[in-house]
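Asker: Provided below for reference: sequence and predicted model.
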Protein chains: 2
Amino acid sequence: MSQIDFWFSIGSTYSYLSVMRIGEVEDTYGVSFNWRPFNVRHVMIEQNNIPFKDKPIKTSYMWRDIERRADRYGLKPQIPAPYPLPGLVLANLVAQVGAEKGWAKDYVRETYRRWFEKGEPAGEEPNLSASLRDIGHDPEQILQTAQSERIENALAEATQEAMHLGVFGAPSFVVGGEVFWGDDRLDDAVDWALGRRRI
Amino acid sequence: MSQIDFWFSIGSTYSYLSVMRIGEVEDTYGVSFNWRPFNVRHVMIEQNNIPFKDKPIKTSYMWRDIERRADRYGLKPQIPAPYPLPGLVLANLVAQVGAEKGWAKDYVRETYRRWFEKGEPAGEEPNLSASLRDIGHDPEQILQTAQSERIENALAEATQEAMHLGVFGAPSFVVGGEVFWGDDRLDDAVDWALGRRRI
């Protein structure tokens, strides 16, 4: 089965669209996604790529665009969701634990659902513990592991790896050495994985 | 027939994709586009929205993304095209004359074709005169009109009108009060024009 690396960062708004529809994309096209958390804020600060801060018109458009796109996908977010996320780093440290243990997908879906559909910011309470509990894990234990030096190093290394691949924003899809950035390139990434490329 | 305002600015790279495929979109979906030039550089500087300058990774991605997307549309650009365009303002002043006279579409297609497929920067020679000549106009006369105070004012007013509508980048498609930004939202704009919206 064709595999696509899904580089995500909880905190990215457009990633809500990808996170919520990737399961259906897998079923429809017979591809699979490898969930890879990274710290997009670190990358964007390092690359001086600040898309929304101090840009009220563009930010306002972003929310309306997400709302319209969500509707196409049958999603019902409460727009705007709390943004930016103070707990971005912790949210992705938990995702890093999940990536190692095999439950990143479940956690990320649940934390995004609470963030976008219930207005609970990801990476802080009650979202953190409730999301972990809902997917069958002990919040206290996971949160302790997430804040260990080993996991912090693992997330930092993943972030370096993402940058090395040419990833500069989230969500990104990497397949066959090609980077596809944005929920609106998910279908292009799937086409590439399936060999429907021409160049 | 449903009409969509196509706010373009010669100088925008992704607009190449829209400019070259809008004719086919019109034929396929029975919508029409009203070609409206504006000065996107003015808007972006005013809104502190500088997407590519000093961002080599993102810029490199942009060219690869355009190359892949162009291939999907059957286009064969020479990537990267000269960028940014020193003659951006003059290119769009000529487009403003064309918008008033009804030949904006022909001129913009031809000037983009030369820019992206022959490596001749738009807004300067030989692109300017050759594009005008190819569509049956006298370059000397049009270039004189384009640099008149009346046309300069008309482009400035169009730029203000675009900002008033919420346009912050190019290409943008405006239909029924909704702004759709980017070549990758052209299909969403068409859906909206045809009443296939749900929200």
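Answerer: Yes, it's here.
Asker: For the rest of this, base every contact and every neighbour count on C-alpha atoms.
Answerer: Fine.
Asker: Quick check: residues of chain A near chain B?
Answerer: A:47-49, A:51, A:54-55, A:57-58, A:61, A:65, A:68, A:71-72, A:166, A:168, A:179-180, A:184, A:198-199 (CA under 8 Å from any CA of the partner chain).
Asker: hmm, 10 Å instead?
Answerer: Neighbours of chain B within chain A, by CA under 10 Å from any CA of the partner chain: A:47-58, A:60-62, A:64-65, A:67-69, A:71-72, A:74, A:163, A:166-169, A:178-181, A:184-185, A:188, A:196-199.
Asker: Among the residues you listed, which are located in strands?
Answerer: A:E178, A:V179, A:F180, A:W181 (DSSP state E).
Asker: Double-check the second one against A:V190; I have them as touching.
Answerer: Put plainly, it is A:V179. No - between A:V179 and A:V190 there is no contact under CA atoms under 10 Å: 11.7 Å.
Asker: Just the buried positions in the helix or strand bottoming out on mean pLDDT in chain A, please.
Answerer: One helix or strand of chain A scores below all others by mean pLDDT, DSSP states H and E: helix A:40-46, with a mean of 84. Using 16 or more other CA atoms under 10 Å in any protein chain shown as the test for burial, helix A:40-46 gives A:V40, A:R41, A:V43.
Asker: show me the contacts for the second one.
Answerer: Read that as A:R41. By CA atoms under 10 Å, 6 or more residues apart in numbering or on different chains, the contact set of A:R41 is A:9-12, A:47, A:49-50, A:88-89, A:159, A:168-170.
Asker: And the first one, by the same measure?
Answerer: The contact partners of A:V40, taken as CA under 10 Å, 6+ apart, are A:7-12, A:46, A:88-89, A:92, A:159, A:162-163, A:167-171.
Asker: so A:E152 is in which element?
Answerer: Using DSSP states H and E, the element containing A:E152 is helix A:149-165.
Asker: Repeat that for A:S18.
Answerer: Going by DSSP H and E, A:S18 is part of helix A:15-29.
Asker: chain center to that helix, what's the gap?
Answerer: The chain centroid and the centroid of helix A:15-29 are separated by 12 Å under CA atoms, centre = their mean, to the nearest Å.
Asker: and it, what does it pack onto?
Answerer: On a contact count with 3 or more CA pairs under 10 Å, 6 or more residues apart in numbering or on different chains; DSSP states H and E, helix A:15-29 meets strand A:2-8, strand A:31-37, helix A:56-72, helix A:104-118, helix A:186-193.
Asker: Summarise which helices and strands the third one is packed against.
Answerer: With contacts taken as 3+ CA pairs under 10 Å, 6+ apart, helix A:56-72 sits against helix A:15-29, strand B:178-181, helix B:186-193.
Asker: helices and strands around the very next helix or strand once past that helix, which ones?
Answerer: Under the assignment DSSP H and E, the closest C-terminal helix or strand after helix A:56-72 is helix A:88-101. Applying 3+ CA pairs under 10 Å, 6+ apart, we find helix A:88-101 packed against strand A:31-37, helix A:40-46, helix A:104-118, helix A:127-134, helix A:139-146, helix A:149-165.
Asker: Compute the inter-axis angle for helix A:88-101 and strand A:31-37.
Answerer: Angle between the axes of helix A:88-101 and strand A:31-37 is 130 degrees (criterion: axes from the mean of the first three to the mean of the last three CA atoms, to 10 degrees).
Asker: Report the angle between helix A:88-101 and strand A:2-8.
Answerer: 150 degrees.
Asker: Only alpha carbons, please: show helix A:88-101 as PDB.
Answerer: Provided in PDB are the C-alpha atoms of helix A:88-101 (Å, rounded to 0.1, in the frame of the first residue of the first chain):
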ATOM      1  CA  LEU A  88       1.100  24.200  21.100                       C
ATOM      2  CA  VAL A  89       4.300  22.600  22.300                       C
ATOM      3  CA  LEU A  90       2.700  20.300  24.900                       C
ATOM      4  CA  ALA A  91       0.000  19.300  22.400                       C
ATOM      5  CA  ASN A  92       2.600  18.100  20.000                       C
ATOM      6  CA  LEU A  93       4.700  16.400  22.700                       C
ATOM      7  CA  VAL A  94       1.700  14.300  23.500                       C
ATOM      8  CA  ALA A  95       1.300  13.600  19.800                       C
ATOM      9  CA  GLN A  96       5.000  12.500  19.700                       C
ATOM     10  CA  VAL A  97       4.200   9.900  22.500                       C
ATOM     11  CA  GLY A  98       1.200   8.800  20.400                       C
ATOM     12  CA  ALA A  99       3.300   8.500  17.300                       C
ATOM     13  CA  GLU A 100       5.700   6.100  19.100                       C
ATOM     14  CA  LYS A 101       2.800   4.100  20.600                       C
END
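Asker: still on that earlier bit, who has more neighbours out of A:V179 and A:V190?
Answerer: Shown here are A:V179 and A:V190; by other CA atoms under 10 Å in any protein chain shown, A:V190 has more neighbours (26 against 21).
Asker: these two touch, right, A:A146 and A:L90?
Answerer: Yes - if you go by CA under 10 Å, A:A146 and A:L90 touch, sitting 7.4 Å apart.
Asker: Now the common contact residues for these two.
Answerer: Common neighbours of A:A146 and A:L90 (criterion: CA under 10 Å, 6+ apart): A:Q96, A:E152.
Asker: related to what we said a few turns ago, and for A:V179 and A:V190, which residues touch both?
Answerer: In contact with both A:V179 and A:V190: A:F173, using CA under 10 Å, 6+ apart.
Asker: contact partners of stretch A:127-136?
Answerer: Against stretch A:127-136 from outside (CA under 10 Å, 6+ apart): A:87, A:90-91, A:94, A:98, A:103, A:106-115, A:118-123, A:125, A:137-140, A:142-143.
Asker: could you redo the last one with a cut-off of 6 Å?
Answerer: A:E110, A:T111, A:E120, A:P139 (CA atoms under 6 Å, 6 or more residues apart in numbering or on different chains).
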